[in-house]
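# Give me the fold of what follows.
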Amino acid sequence: MTYHAEFKRSIDQPEAFWGKQADAIDWIQPPKIMWEKLDNGHGNWFPDGTLNTCDIALDANIRAGRGEQNALIYDSPVTGTQQSFTYLELRDQVAIFAGAMRAQGITKGDRVIIYMPMIPQAVIAMLACARIGAIHSVVFGGFAAHELAVRIDDAKPKAIITASCGIEVNRVIEYKPLVDDAIKEAEHKPECCILFQRPEAKASLVAGRDLEWNAFVANAEAVDPVPVKSTDPLYILYTSGTTGKPKGVVRDNGGHAVAIRYSMSLVYDASPGDVFWAASDVGWVVGHSYIVYGPLFTGCTTILYEGKPVRTPDAGAFWRVCEDHKVNILFTAPTAFRAVRKEDPEADQLHRYDIGSLKRIYLAGERLDPPTYEWLREHTSLPVLDHWWQTETGWAICCNPTGIDMVQTKPGSATFPSPGFNVQVLDPEGIPVAAGEQGDVAIKLPLPPGCLSTVWGDDARFQNTYLAPIPGYYSSGDGGYIDEDGYVFIMGRTDDVINVAGHRLSTGEMEEIIASHPAVAECCVIGANDELKGQVPLGLVLIKDGATISETELEEELVDMVRERIGAIACFRQAIIVDRLPKTRSGKILRRVIRQIADGQQYSVPSTIDDPAILEEISQHFTS
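Got it, this is the predicted structure:
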């Protein structure tokens with residue numbers, strides 16, 4: 001079946017289409033009802049089915065004869081350690097930890113917050129929760145105590161699972177004091193805190209509440225998977241919201257299993273035995289979908305990497321992992337390879353390693369700029385595939401359907417809508433626009449399986465944020481266009497489309513132009529308030545190591561390039577050279593905060609920021 005035929009069937013006959021995909025997983029009780037529509041146009045997939053997500057991830061592979069195959073490889077350049085787990089070994093450790101949790105009184109429907117670094121115990125904790133039907137909420141390790149407290153009060157967990165520390169480049173971050181402060185601040189008090197002690201930092205226990213990991217599991221008995229309804233929540237994952245209060249995205253068990261398993265075939269063309277590496281963190285949606293669940297649902301070997309793309313120890317870190325573990329499929333964010341390209345522009349480090357096992361490179365999480373795409377294509381000679389998705393959807397809204405028939409890529413495009421996602425570009429009145437015209441990217445309801453079912457504890461917020469803005473559609477909050485060939489181009493958040501003297505202009509398009517300059521390592525463009533024109537574009541630019549051009553000369557050349565490509569209408573006249581850009585820990589540039597600083601507005605420091613000190617550096621550029 002061709003991509004276009006499969007996509008058409010998914011839209012015209014969604015129940016039959018997804019019923020077929022549901023056959024790929026091991027149900028305890030297969031569903032007879034594929035779709036249950038709710039009054040809001042949203043609904044539930046496979047509502048009468050029962051299953052267990054941990055069973056699909058681990059036990060099903062053992063039943064299929066893959067027990068002795070590696071399920072998980074832990075690679076930690078920050079500690080100099082590596083460890084592997086077969087499916088049997090991982091299942092046994094998960095089953096024992098799940099038994100210890102049950103003995104502690106944690107049962108189906110209870111929430112458990114997991115606040116851990118990238119170590120195997122984080123994966124074991126997630127899978128153990130799924131095994132007994134508890135709902136896990138992974139919070140990125142190292143988040144500030146206040147942000148953890150907010151999530152404790154929202155999720156109301158029975159337990160917190162944590163480690164004594166996380167390890168960054170040249171520093172150790174003690175987690176336990178942050179957890180203690182968060183529990184002290186939160187109104188809700190978890191019954192227990194389970195602590196994994198790492199040798200790099202030992203943490204003290206609070207009597208009567210804290211339990212050390214090894215002692216916790218010492219006398220535990222392994223437990224079998226607990227059947228849950230397809231519609232029961234698997235996890236809550238918090239994502240930032242415009243109100244400042246994080247939104248708890250709720251993912252169900254059944255729709256998630258079907259969609260993620262399908263996506264592993266459709267998007268990544270992954271097969272049992274493949275070595276799959278999503279270079280992300282379990283605190284983000286990529287880590288949930290493609291470090292833990294997707295590869296294990298498929299019978300792959302997944303890589304858990306505790307390190308960075310650079311400085312652990314150098315810009316060859318990713319290539320070293322690919323060689324050591326014979327990685328077949330690599331998925332990361334564009335910011336990772338921008339960092340590699342900045343430190344190693346000629347890819348000298350790449351040539352030190354044999355990456356012959358690598359079939360394809362996938363990028364997502366932010367817009368893939370064409371210069372990074374071209375650099376990867378030139379130096380690896382591999383397919384470099386962009387795809388677009390969100391925390392809310394859990395898997396790719398748009399992709400190059402390599403599992404059906406890989407199509408020609410277009411730099412800057414996430415290619416075609418994934419089957420099940422009826423993607424449309426709409427004007428402010430909710431009317432579809434012409435090919436090539438920019439507008440709001442929305443998905444016609446119903447959403448396919450795997451997408452969020454609601455916002456934890458606040459269904460009204462779910463309705464108001466995602467369904468109410470454009471009736472009959474899921475509002476993505478992103479802007480873009482679909483060209484005459486059907487390729488989807490995501491140009492950034494809709495608040496990154498600026499209005500210059502009545503003309504709607506994409507800052508993403510300007511970023512493409514600026515990033516193509518040979519001296520530019522990375523950039524962002526924001527719309528700054530202007531008394532005459534409403535907004536004018538302002539660029540922040542990082543120069544590549546070793547570039548000899550002066551800042552004044554570079555600014556002049558960039559202004560000329562934008563003028564030549566877009567025209568004087570763009571009014572691009574200023575490019576500020578900076579040492580670094582403010583980003584979240586997952587690598588997204590904090591454009592909204594930069595815009596607030598440029599406009600002299602009050603701003604709050606986002607909980608997801610990698611280094612708050614950068615904001616002061618940016619402020620000084622605007623005031624000098």
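# Looking at stretch 446-454 now, give me its mean pLDDT.
For stretch 446-454, the mean pLDDT works out to 97.
# ok, residues contacting it?
Stretch 446-454 has contacts (CB atoms under 8 Å, 6 or more residues apart in numbering) with 10, 14, 18, 21, 35, 37, 41-46, 231, 233, 249-252, 254-256, 258-260, 263, 392-395, 418-421, 462, 466, 474. Yep, even glycine has a C-beta here, placed from its N, CA and C like the rest.
# Buried subset of those, written for PyMOL?
Per 16 or more other CB atoms under 10 Å, the buried members of the contacts of stretch 446-454 correspond to this PyMOL selection:
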select buried, resi 10+14+18+21+35+42+44+45+46+231+233+249+250+251+252+254+255+256+258+259+260+263+392+393+394+395+418+419+420+421+462+466+474
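# Tell me which of the contacts of stretch 446-454 fall in strands.
Secondary structure defined by DSSP state E assigns 35, 37, 43-45, 233, 249-252, 474 of the contacts of stretch 446-454 to strands.
# Compile those into a markdown table and extend it with columns for pLDDT.
Converted to a markdown table, the ones in strands among the contacts of stretch 446-454 look like this (pLDDT from 0 to 100):
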| residue | pLDDT |
| --- | --- |
| 35 | 97 |
| 37 | 92 |
| 43 | 93 |
| 44 | 96 |
| 45 | 98 |
| 233 | 98 |
| 249 | 97 |
| 250 | 98 |
| 251 | 98 |
| 252 | 98 |
| 474 | 97 |
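# Walking through the stretch 101-250 of the chain, point out its helices one by one.
With DSSP state H, counting those that start in this stretch as the criterion, the stretch 101-250 of the chain has helices at 120-132, 145-155, 176-185, 213-217.
# what's the second one packed up against?
Using 3 or more CB pairs under 8 Å, 6 or more residues apart in numbering; DSSP states H and E, the elements in contact with helix 145-155 are strand 111-115, strand 135-138, helix 176-185, strand 233-239, strand 247-252.
# Of all those, which one comes closest to residue 154?
Proximity to residue 154 (CB to CB) singles out strand 247-252 among the helices and strands packed on helix 145-155, at 5.8 Å.
# Convert the C-alpha atoms of the closest one to PDB, please.
The C-alpha coordinates for strand 247-252 follow below in PDB (Å, rounded to 0.1, in the frame of the first residue of the first chain):
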ATOM      1  CA  LYS A 247      -0.600  21.500  31.800                       C
ATOM      2  CA  GLY A 248      -0.700  17.800  32.800                       C
ATOM      3  CA  VAL A 249      -1.000  16.000  29.500                       C
ATOM      4  CA  VAL A 250      -2.800  12.700  30.100                       C
ATOM      5  CA  ARG A 251      -1.900   9.700  27.900                       C
ATOM      6  CA  ASP A 252      -4.100   6.600  27.900                       C
END
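# quick one: low-confidence ranges for the protein?
Residues of the chain meeting the criterion pLDDT under 70: 240-244, 495-496, 502-504, 624.
# According to the record, where do the domains of it fall?
Under the assignment automatic domain parsing, the domains of the chain span 3-307+387-480, 501-623.
# Can you give me the distance of residue 574 to residue 492?
Per CB to CB, to the nearest Å, residue 574 is found 19 Å from residue 492.
# Settle it for me: which of these two has more neighbours?
residue 492 (21 against 14; other CB atoms under 10 Å).
# what bridges to that one?
Counting by DSSP bridges, residue 492 is bridged to residue 479.
# right, and the domains of the chain - which one's nearest residue 339?
domain 501-623 (8.2 Å).
# that older thread, a markdown table for the helices and strands packed on helix 145-155, including distance to residue 79?
Shown next, in a markdown table, are the helices and strands packed on helix 145-155 (distance: least, CB to CB, whole Å):
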| stretch | distance to residue 79 |
| --- | --- |
| strand 111-115 | 19 |
| strand 135-138 | 21 |
| helix 176-185 | 18 |
| strand 233-239 | 26 |
| strand 247-252 | 31 |
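# right, so of these, which gets closest to residue 31?
Closest approach to residue 31 among those is made by strand 247-252 (12.2 Å; CB to CB).
# The closest one versus strand 233-239: what angle between them?
Put simply, strand 247-252 runs at 160 degrees to strand 233-239, going by axes from the mean of the first three to the mean of the last three CA atoms, to 10 degrees.
# wouldn't residue 268 be in contact with residue 401 here?
No. The criterion here is CB atoms under 8 Å, and residue 268 misses it with residue 401 at 10.4 Å.
# Which stretches in the stretch 301-450 of the chain count as strands?
Using DSSP state E, counting those that start in this stretch, the strands of the stretch 301-450 of the chain run over 301-305, 329-332, 360-363, 384-386, 398-399, 416-417, 422-426, 439-444.
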